[in-house]
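**Student:** What shape does this take:
(one chain, ligands or ions: 1)
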Amino acid sequence: MENMIINFDRVSKRYGLTSALKNVSFQIPSGGIIGLVGSNGSGKSTLLKLMAGLLKGSSGEIVVCGEAVNRLIAKKVAFLAEVDSLYDFYTVKETITFSTKVFPDFDEQKAYQIVDALEVELHKKIGTLSKGNRARVKIAIALSRNVPLLIMDEPLSGLDPLVREDIIKMIAKYVEMENQTLIISTHEVTEIEPLLDHVLLVQSGEIVLSERVEDLREKRGQSVLDAMKEVLR
Ligand SMILES: Nc1ncnc2c1ncn2[C@@H]1O[C@H](COP(=O)(O)OP(=O)(O)OP(=O)(O)O)[C@@H](O)[C@H]1O
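**Tutor:** A predicted model of the protein is given here:
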């Protein structure tokens, strides 16, 4: 169990009659970037919310950062949801100041650096930003949390290629690979692949592939997309 940042042991999640996760067991080692992929409705968001303590499993055990997950895990886990929780009436600068108050682990200097690198103007109100710049602020806030586990639920969804490229660059530059683990769900498999150390593929509520990307390439001669096609065929 040592050095495993995420450990799911026979975890199931039902929503009423819908069985979203079915007796799922897997472990993820600390450090690096993990891609969570799978078709619409396969269970990715459910899996991420369970590891962030935002949902309770119907059965099974989840241990994250060495602790059984409950709502208090939020101290060790930064969760970037598909829908953002930024306040329209704050400027970008006020959003950074606010984040330093909400998150004791927030690295204010890093937030300014990322926002500056992304050329988002500090005095602009969040409500007046384009969708792309709003996504840039959202990623800057998430990457500035000094926590062992970062979770991002579809951060590239619905964004144009330039914004997606910016987000991918910031992830590559600012995730601290030595002491942080990032798990990221996405449908943009080919775009994200160069960043990935490990891939988890979910299908109909089950993990059908959990592999190091290097092993896929070297042992099987496959890209992540090739492996997905083979498994889902
Ligand atoms: N709050 C909810 N109430 C009822 N059913 C839900 C709820 N949330 C998710 N589900 C169902 O659980 C299953 C898994 O959904 P989930 O959102 O985890 O999938 P996903 O892989 O993230 O999908 P997508 O790629 O479309 O975002 C789906 O069948 C979905 O309809």
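**Student:** Now do the buried residues in the helix or strand encompassing residue 173.
**Tutor:** Secondary structure assignment for residue 173, by DSSP states H and E: helix 161-174. Residues 163, 164, 166, 167, 168, 170, 171, 174 are the ones in helix 161-174 that count as buried (16 or more other C-beta atoms under 10 Å). (C-beta placed from N, C-alpha, C; glycine too.)
**Student:** next one: stretch 187-202
**Tutor:** 188, 189, 192, 193, 195, 196, 197, 198, 199, 200, 201, 202.
**Student:** For those residues, which two are the farthest from each other?
**Tutor:** Greatest spatial distance in the buried residues of stretch 187-202: 195 and 202, 18.8 Å, computed using C-beta to C-beta.
**Student:** which SS state does residue 99 fall under?
**Tutor:** With DSSP: H, G, I helix; E, B strand; the rest coil as the basis, residue 99 sits in helix.
**Student:** And it, what's its pLDDT?
**Tutor:** With respect to pLDDT, residue 99 scores 95.
**Student:** likewise the one 10 residues further on?
**Tutor:** Note on residue 109: pLDDT of 97.
**Student:** re the thing from before, and the buried residues of stretch 187-202, which of them are in helices?
**Tutor:** 189, 192 (DSSP state H).
**Student:** residue contacts, the residue sitting furthest away from the middle of the chain?
**Tutor:** Distance from the centre of the chain peaks at residue 123, with 27.9 Å (C-alpha atoms, centre = their mean). Residue 123 makes contact with 91, 92, 93 under the criterion C-beta atoms under 8 Å, 6 or more residues apart in numbering.
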